[in-house]
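Novice: okay, structure incoming, though there's no sequence with it:
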């Protein structure tokens, strides 16, 4: 029996490494790897054991809270008007159901936090090179685009490589999600490659990922990168300087964000920023959804209906969603659902143990900012990034406890 568990445990860990390596790539790859990984976790039989105590695993609480939120989303299908949209939303959220028991029962002792982090970062670097290479291929071979029905319509208005890359990146990988994965890799790099001997490697990896973010065409990602880096510097300051200089440092970061938005090719105005119109339409009649919500997956249907009611020319497929996770939660689950969602999110840094608290704070900041302009949980790879991020935070504490146990045994 122990031999069986060891073999299944090794397969489970190998599949987890595959999940984190494939995360920056097309989401169907991650989906299959994630399902296979969960199957081996079930076969390993950890769910038959008693979960770790609260003191050993405080990170259990965020998983439990998001589990309740997920059940709330499922139940909301009862009062949802469009059950097809509800079922599609639940299919995107399926990873929550996969990760919740893993977070509660824990991971096996074979998981190596730093090795997993290195695999994740290498996957991000490969993706940062893969997407420009793919777009370059498609740029000079239009017949490939024309023969693939699953690729969205492409912009042929300019064959300049820079313009083609910025316009079409979101057609094969959403700008914000891909950049969020890169920013999370930047957060992990100093922690998985420690010491002076890795200094040049850290600078190189951060430079490559930062460059991929800067040329992505996403204003939100650039702002998020600046704020996350500023917060990281503040956290590394000595305690006496943190309060005195931290505020000034953060203020400087905010000014830099303003400059970045002002000089960005996509300036902020209602003509080339459809999000502003979507938010205006979505919030004109809050009484429609404020208390009970519309049900999971219904924000798209509601916004399209509001456009039609105002006699506006609208292509339902072009609207997509409300481009704000907080607004989406309010529309779909009401004010109670929104408040519960925020509490669940804040529980991540609050419940993280000392070893993983820095990662938890930066990761929560990354998602909290990006949820202002997109539905981070409405896209499969966004949910997968959330899951992997929480498991990394869990792994840091898990690895620290193992090292302490090994040290006490040797003593």
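Specialist: Good, I have the coordinates. The structure presented is a predicted model; accordingly, all values stated were derived computationally and were not measured.
Novice: spit out the contact partners of residue 19.
Specialist: 30, 33, 34, 37, 384, 388 (CB atoms under 8 Å, 6 or more residues apart in numbering). For the C-beta atoms, the positions are set from N, CA and C on the backbone; glycine is no exception.
Novice: for these, which one is nearest residue 289?
Specialist: residue 384 (27.9 Å; CB to CB).
Novice: roughly how far apart are the closest one and residue 26?
Specialist: 12 Å (CB to CB, to the nearest Å).
Novice: more neighbours, these two?
Specialist: residue 384 (24 against 13; other CB atoms under 10 Å).
Novice: which residue packs closest to that one, ignoring adjacent ones?
Specialist: residue 30 (5.2 Å; CB to CB, 6 or more residues apart in numbering).
Novice: list phi and psi for that neighbour.
Specialist: phi -70, psi -40 (degrees, to the nearest 10).
Novice: in this structure it contacts residue 22, no?
Specialist: Yes: here residue 30 reaches residue 22: they are 5.0 Å apart, a contact under CB atoms under 8 Å.
Novice: name the residues of the helix or strand hosting residue 304 that are buried.
Specialist: Assessed by DSSP states H and E, residue 304 sits inside helix 299-309. Buried residues in helix 299-309, counted by 16 or more other CB atoms under 10 Å: 299, 300, 301, 302, 303, 304, 305, 306, 307.
Novice: other SSEs contacting it?
Specialist: helix 274-282, helix 316-319, helix 325-351 (3 or more CB pairs under 8 Å, 6 or more residues apart in numbering; DSSP states H and E).
Novice: ok, residues contacting it?
Specialist: Everything outside helix 299-309 that qualifies as a contact, by CB under 8 Å, 6+ apart, is 81-82, 85, 278, 281-282, 284-285, 288-289, 294, 314, 316, 319-322, 327-328, 331-332.
Novice: helices along the stretch 1-150 of the chain, start to end?
Specialist: For the stretch 1-150 of the chain, the helices defined by DSSP state H, counting those that start in this stretch occupy 2-22, 27-44, 60-75, 83-92, 94-105, 113-140, 142-147.
Novice: with distance to residue 177 added, can I get the ones you listed in TSV?
Specialist: Below are the helices of the stretch 1-150 of the chain laid out as TSV (distance: least, CB to CB, whole Å):
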stretch	distance to residue 177
helix 2-22	14
helix 27-44	9
helix 60-75	19
helix 83-92	12
helix 94-105	14
helix 113-140	11
helix 142-147	22
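Novice: can you say which of these is nearest to residue 366?
Specialist: helix 113-140 (13.6 Å).
Novice: how far off centre is the closest one?
Specialist: Remark: helix 113-140 is offset 16 Å from the chain centroid, using CA atoms, centre = their mean, to the nearest Å.
Novice: for stretch 330-344, same thing?
Specialist: On CA atoms, centre = their mean, the centre of stretch 330-344 falls 19 Å from the chain's centre.
Novice: mind listing what's buried in that stretch?
Specialist: Under 16+ other CB under 10 Å, the buried positions of stretch 330-344 are 330, 331, 332, 333, 334, 337, 338, 340, 341, 344.
Novice: tell me if I'm right that the second one and residue 324 touch.
Specialist: What it means is residue 331. No: counting by CB under 8 Å, residue 331 does not reach residue 324; the two are 9.4 Å apart.
Novice: so, low pLDDT: which residues of the chain?
Specialist: 1, 54-55, 142-174, 240-244, 249, 261, 263-273, 311-320, 400-411 (pLDDT under 70).
Novice: at 50 what do you get?
Specialist: 150, 268-271 (pLDDT under 50).
Novice: can you pull the contacts of residue 111?
Specialist: 13, 16, 395, 398, 399.
Novice: report the separation between it and residue 392.
Specialist: 10 Å.
Novice: check residue 250 too.
Specialist: 25 Å.
Novice: check residue 277 too.
Specialist: From residue 277 over to residue 392 (counting by CB to CB), the distance is 37 Å.
Novice: and those two? Which one has more around it.
Specialist: Taking other CB under 10 Å, residue 277 and residue 392 do not tie; residue 392 has more neighbours (23 against 15).
Novice: the more buried one sits in which helix or strand?
Specialist: Assigned by DSSP H and E, residue 392 falls in helix 380-410.
Novice: so what sits against both of residue 384 and residue 26?
Specialist: With CB under 8 Å, 6+ apart, residue 384 and residue 26 have no common neighbours.
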